[in-house]
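*Asks:* Next comes the sequence, and after it the predicted model I'd like to discuss.
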Amino acid sequence: MRKVFLALFLLQLTICNAQAPEKWSSAEIYEHIKKLNFLGSVLYVAAHPDDENTRLISYFSNDVHARTAYLALTRGDGGQNLIGPELREELGLIRTQELLEARKIDGGYQFFSRANDFGYSKNPTETLQFWDKEEVLSDIVWVIRKFQPDVIINRFDHRTPGSTHGHHTTSAILSVEAFDMAVNTENFPEQLKFVDTYQPKRLFFNTSPWFYGGNEAFQEADKSNFVSFDTGTYFPVQGLSNPEIASLSRSQHKSQGFGSTGSRGSEMEYLELLKGDKPSDQDVFDGIDTSWSRLDNGKEIGKLLASVENEFDFEHPEKSLEKLLQAYKLIGKLQDEHWKNIKLAEIKEIIYACSGLFLEASTGQPSATASETLPLKLEAINRSNAAINLKKVLLNPGQTELTVNVDLENNKDWSSPVSYTIPKNANFTSPYWLKEPGTTGMYRVEDQQSRGLPEDKVQTTATFQLDINGTSLEFEKPIVYKFNDNVSGENYRNFEIVPMISVEFQDDVLIFNEEKPQTIRVELQSHNGAAKGKISLKAGKNWKIEPASQEFDITEKGGAVSVDFEVTPPAGQDETELTAEATVNDQSFSNSLKKIEYPHISNQNIIRPAKLKLVRLNIAKKGERIAYVPGAGDVVDESLRQIGYQVQKLEADDISASRLQNFDAVVLGIRAYNVDDALAFKQSALFDYVKNGGTLIVQYNTNRGLVTEDLAPFHLELSRDRVTEEDAEVTFIAPNHALLNVPNKLTKADFDGWVQERGLYFPGNWDDTFTPILSMHDQDESAKTGSLLVAQYGKGYFIYTGISFFRQLPAGVPGAYRLFANMISIGK
Ligand SMILES: [Zn+2]
């Protein structure tokens, strides 16, 4: 853990400027002209952020100059977070932004489906119990119809279920199905209001020696159906090799710790043809016209733009302006709406860069609320001899029109302060896919046009209407929050629309293990001016909240106050959701505002109803003092504190016989034996502690990379057995054992309402001294009995458990608490 925080600290010292506007050099303009002259598209399909082969994406984007996109079916919500505390949907948001940063580097586009990365699944059958197959297919078909790829490339093999994560194989299976579906009007006809049907030409699987179990087997594989090519190109214009660009892109996956070092030299890629005709050479676009001649009336545009490319003057890019403007007008007359829109957007950016334009609408404040009026600074400059007139600026939302009508003379900066009022009905800036509650496996997005998008289109924008040498052009720019920092200099951030008042609970879950009341604190913050009002809380009818409401007074913008309520739980076991409602001048506010800020991504807000899960537990426990030895990172110690244990963190280095004797139980955090080398030398101290009457509870470790093979005082061997269905039936195979009866009598009901999974990496082999307590298994699998093993050793007890308490306890699952309390209480 220490390492993580150090890394985080260092990271924050670096400049955060993910939002700074791009300013193309001549080399970048030239690259974009080459892309403008290539009319072919590739779509890469896989399951998670970081599945994508950035080398291949960069190759198609930078070498072939194709429009290249990555469709990740999920946002990677189920992964681990190496850079901060965010998990689940919040982590998915971070990983979404990391993918967008990766694409900025490799030049690709990014799409997602509504599928949620709910956690590990062994095969597609299991995956599709959570993902709604029709909805995910519909999203893939939608992306195909919208992006219109000539070629689709799957990262994974659709023919080998069970050989990798179920999400992986499912991504390939669904991509194969969607390849044939997109062309048929009977499939997802509701999409045809917005897009045409479409048939991609070829489908490939991006194979490699990994899929064959090694180089040797791969060398012998039948490659008659393969297309292979070298992706190790060196780009002198960029001073980088393609694999170096790919590594820079991959290194954006910082929350997963996927930093990657660049390589140089030849790197072969292999694509196995799955559908469509075999290309006659090693070119995936063979037989597909990727020139301007692909389009009716495209030839003339092609000729014009070929001369722009050939005559491009790196010292004077403005010399290309006239021909670019001619081409712009011709593109505007194309019949093909799809290519017309793509190429108009591309050529506009090239015209912008060639004329040395810089257009910006900035504000010195990070956010604003509906109805707020704020000062903006508009800036415009032309660094060319072109005759450019800035006619109007349109501010949105609200369509505020500002007439300017000023000639932008070469290198004369124009700027103007304006005031802009955010409309009353403006939406908050918050990710579209987190607005409605979804299911475990799916996000809910009602708006068809939002589906597939990596993030919301920026809603606060300034559209600059220009006349360039007699041609009318519009440039839409986001309104940016811009400030100077004495250390890092110029800084850009996303500008956000936020609620006037946000309310926040301190926790997500609060446990009541007795009937006595607890104090619950709510924090209110004003994001506009001073605010005076009332706040009340709401919970299920068995829960008593006092007082009914309270007044608050925030004296300034940005100011916050805390208000305490006393909540008394019912006598029996119960759960409820606590919500808050603040009222100011008859307007009500019940949303929390979560900010996510890291230097490598643009800042994000999540605005959603504030809520706190309250759990009244019927729990008995023995023993009081617990030592918690941290592992790879979990909050089980916090959860145990919530039910009244005194928990002390004990670093492995500090483990000694004398330290241990003070504790009723010692609990090891998850994967402690995978991450803490010091533990290898502490086993005798821990086992002696057990021998003398202590209880040692070891939570799950993975079977690879253990710091010691001797995890227990008796033989114990880990396997990869896991039960991923969180509702898998649990059978008591030692029904009379203390772990199931004392002090809490457990029943099947205690295994209801579990989240994500039952457990993982159960032992597969163990000494007869161990008593297995529970049996469980996923559908169509054999019974797994290693989830909870207990053995008496000397006067004490050793317990090994792969049950995912680290997920259940923070989620407030009552049965998991009762079982954990029994484990701590054993022998007392
Ligand atoms: Zn993956």
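*Replies:* Arrived safely, thanks for sending.

*Asks:* Please give the element, helix or strand, for residue 612.
*Replies:* strand 611-616 (DSSP states H and E).

*Asks:* could I get that strand in PDB with only the CA atoms?
*Replies:* Provided in PDB are the C-alpha atoms of strand 611-616 (Å, rounded to 0.1, in the frame of the first residue of the first chain):
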ATOM      1  CA  LYS A 611     -27.600   7.500  -0.400                       C
ATOM      2  CA  LEU A 612     -26.300   5.500   2.500                       C
ATOM      3  CA  LYS A 613     -27.200   1.800   3.000                       C
ATOM      4  CA  LEU A 614     -28.100   1.100   6.700                       C
ATOM      5  CA  VAL A 615     -27.900  -2.400   7.900                       C
ATOM      6  CA  ARG A 616     -29.300  -3.600  11.300                       C
END
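
*Asks:* List the contacts of it.
*Replies:* Identification of contacts with strand 611-616 by CB atoms under 8 Å, 6 or more residues apart in numbering yields 505, 507-512, 515, 520, 539, 543, 567, 569-570, 572-579, 812, 814. C-beta: built from backbone N, CA, C; applies to glycine.

*Asks:* again, but for stretch 386-402
*Replies:* Contacts of stretch 386-402 with the rest of the structure, by CB under 8 Å, 6+ apart, involve 318, 321, 355, 357, 361, 376, 378, 380, 382, 403-408, 414, 418, 420-423, 426-427, 459-470, 479.

*Asks:* how about the residue in the stretch 651-800 of the chain positioned nearest to the ion, phi and psi?
*Replies:* Residue nearest to the ion within the stretch 651-800 of the chain (CB to the ion): residue 724, separated by 15.1 Å. Torsion angles at residue 724 (phi, psi; degrees, to the nearest 10) stand at phi -90, psi -10.

*Asks:* give me every residue that touches the residue in the stretch 51-200 of the chain that the ion sits nearest to.
*Replies:* When distances are taken as CB to the ion, the stretch 51-200 of the chain reaches nearest to the ion at residue 51, 4.1 Å away. Each residue near residue 51 by CB under 8 Å, 6+ apart is listed here: 72, 155-156, 168, 171.

*Asks:* Just flag the most distant two among these.
*Replies:* Comparing every pair within those by CB to CB identifies 72 and 156 as the most remote, at 12.2 Å.

*Asks:* and for the two, which residues touch both?
*Replies:* Shared contacts of residue 72 and residue 156, defined by CB under 8 Å, 6+ apart, comprise 46-47, 51.

*Asks:* Just the ones of those in helices?
*Replies:* Among these, DSSP state H puts none in helices.

*Asks:* Return the closest of those with respect to residue 255.
*Replies:* residue 51 (14.7 Å).

*Asks:* Can you tell me how far residue 101 is from residue 376?
*Replies:* 27 Å (CB to CB, to the nearest Å).

*Asks:* Between these two, tell me which one has more neighbours.
*Replies:* residue 376 (24 against 19; other CB atoms under 10 Å).

*Asks:* a strand runs through that one, doesn't it?
*Replies:* Yes - per DSSP: H, G, I helix; E, B strand; the rest coil, residue 376 lies within a strand segment.

*Asks:* In contact with it, which residues are there?
*Replies:* Per CB under 8 Å, 6+ apart, neighbours of residue 376: 361-363, 395, 417-420, 462, 479.

*Asks:* Show me which of those is closest to residue 453.
*Replies:* Nearest to residue 453 among these, counting by CB to CB, is residue 479 at 19.6 Å.

*Asks:* tell me the contacts of that closest one?
*Replies:* Counted by CB under 8 Å, 6+ apart, residue 479 has contacts 361-363, 376, 395, 420, 458, 460-462, 495.

*Asks:* what residue lies at the spatial centre of this structure?
*Replies:* residue 92 (2.1 Å; CA atoms, centre = their mean).

*Asks:* Give the buried residues for the helix or strand containing it.
*Replies:* Element membership of residue 92 [criterion: DSSP H and E] is helix 88-106. By 16 or more other CB atoms under 10 Å, the buried positions in helix 88-106 come out as 88-103, 105-106.

*Asks:* go on, stretch 264-282?
*Replies:* Those would be 267, 269-274, 276, 279, for stretch 264-282 by 16+ other CB under 10 Å.

*Asks:* re the thing from before, the contacts of stretch 386-402 in helices, which ones?
*Replies:* residue 321.

*Asks:* Only the buried subset of the contacts of stretch 386-402, as a ChimeraX command please.
*Replies:* The ChimeraX command for the buried members of these (criterion: 16+ other CB under 10 Å) is given here:
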select :318,321,355,357,361,376,378,380,382,404,408,418,420,422,426,459,460,461,462,463,464,465,466,467,468,479
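
*Asks:* restrict the contacts of stretch 386-402 to those near the ion?
*Replies:* When CB under 5 Å from the ion is applied, no member of the contacts of stretch 386-402 is adjacent to the ion.

*Asks:* The residue nearest to the centre of the chain and residue 72 touch, don't they?
*Replies:* No - taking CB atoms under 8 Å as the definition, residue 92 is not a contact partner of residue 72, at 10.4 Å.

*Asks:* can you map out the strands along the stretch 101-250 of the chain?
*Replies:* Using DSSP state E, counting those that start in this stretch, the strands of the stretch 101-250 of the chain run over 109-112, 151-154, 202-207, 226-230, 234-235, 240-241.

*Asks:* out of those, deepest packed?
*Replies:* The highest mean neighbour count among the strands of the stretch 101-250 of the chain, using mean count of other CB atoms under 10 Å, belongs to strand 151-154: a mean of 27.

*Asks:* touching the ion at all, that one?
*Replies:* No - judged by CB under 5 Å from the ion, strand 151-154 and the ion are separated, with a smallest distance of 12.8 Å.

*Asks:* Give me the pLDDT for the residue of the stretch 51-200 of the chain closest to the ion.
*Replies:* We have a pLDDT of 97 for residue 51.

*Asks:* on that earlier part again, can you flag the buried ones in the contacts of residue 51?
*Replies:* 72, 155-156, 168, 171.

*Asks:* tell me the contacts of residue 634?
*Replies:* Counted by CB under 8 Å, 6+ apart, residue 634 has contacts 669-670, 699, 806.

*Asks:* Would you check how far apart it and residue 695 are?
*Replies:* The spacing between residue 634 and residue 695, counted by CB to CB, is 19 Å.

*Asks:* ok, now residue 151?
*Replies:* 60 Å.

*Asks:* So what's the residue count around the closest residue to residue 190 other than its chain neighbours?
*Replies:* Excluding the flanking residues, the one nearest residue 190 by CB to CB, 6 or more residues apart in numbering is residue 448, at 6.7 Å. Neighbours of residue 448 under the rule other CB under 10 Å: 15.

*Asks:* quick one: what helix or strand has residue 448 in it?
*Replies:* Applying DSSP H and E, one finds residue 448 in no helix or strand.

*Asks:* Residue of this protein closest to the ion, please.
*Replies:* residue 48 (3.5 Å).

*Asks:* what sits against that residue?
*Replies:* 72-74, 76, 79, 117, 167.

*Asks:* taking these one by one, which sit in helices?
*Replies:* Those of these lying in helices (DSSP H): residue 167.

*Asks:* Can you name the two of the contacts of residue 48 that sit furthest apart?
*Replies:* For the contacts of residue 48, and using CB to CB, no pair is farther apart than 73 and 79, which are 14.0 Å apart.

*Asks:* and these two? which has more neighbours close in?
*Replies:* More neighbours surround residue 73 than the other of residue 73 and residue 79, with 27 against 22 (other CB under 10 Å).

*Asks:* wait, doesn't the more buried one sit right on residue 167?
*Replies:* Yes - using CB under 8 Å, residue 73 is in contact with residue 167, at 6.9 Å.

*Asks:* hey, what's in contact with both of those two?
*Replies:* 47-48, 115.

*Asks:* Let me have these in CSV, extended by pLDDT.
*Replies:* As requested, the shared contacts of residue 73 and residue 167 are exported to CSV (pLDDT from 0 to 100):
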residue, pLDDT
47, 98
48, 97
115, 98
